[in-house]
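J.: What follows is a predicted protein model with its sequence.
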Amino acid sequence: MLVPILLVFLAGAMVAIQAPTNAILAKAGGSPVLAALISFTVGTIALLFVWLASSNRPAVASFGGLPWYAWIGGAYGAVYVAVAAY
């Protein structure tokens with residue numbers, strides 16, 4: 001039970017520092033959109049490594065029946081990160 005609790009605290013801390021970190025990127029690059037792009041690129045690479053290290057390999061067919069709105073969840077996050085960087 002301790003590990004999930006610690007993970008929740010860690011995730012909460014990371015959410016709290018994401019906006020100021022992205023603001024630093026936005027100030028340096030002159031664009032909140034660029035800051036969001038950098039943030040998502042680094043996050044995508046990190047998630048790729050975690051996924052490759054896991055044993056979870058779903059079949060491509062399992063995604064075929066999903067509704068269209070299941071595919072746009074990343075857009076919500078992109079708006080959030082760009083606005084937070086702004």
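T.: It's in.
J.: residues of the helix or strand hosting L52 that come out buried?
T.: Here L52 is covered by helix 32-53, with elements defined by DSSP states H and E. Counting neighbours by 16 or more other CB atoms under 10 Å, one finds that the buried residues in helix 32-53 are 32, 35-39. Just so you know, the C-beta spots here come from the backbone N, C-alpha and C atoms, and that holds for glycine as well.
J.: Mind putting the residues you listed into TSV with distance to Y86 and pLDDT?
T.: Shown next, in TSV, are the buried residues of helix 32-53 (distance: CB to CB, whole Å; pLDDT from 0 to 100):
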residue	distance to Y86	pLDDT
P32	4	90
A35	9	91
A36	9	89
L37	14	92
I38	14	93
S39	13	91
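J.: Which single one of those residues is nearest to L2?
T.: Using CB to CB, S39 comes nearest to L2 of the buried residues of helix 32-53, at 29.7 Å.
J.: quick one on the thing from earlier: redo the buried residues of helix 32-53 as a markdown table? Include distance to L25.
T.: Listed next are the buried residues of helix 32-53 as a markdown table, based on distance: CB to CB, whole Å:
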| residue | distance to L25 |
| --- | --- |
| P32 | 9 |
| A35 | 4 |
| A36 | 8 |
| L37 | 9 |
| I38 | 6 |
| S39 | 7 |
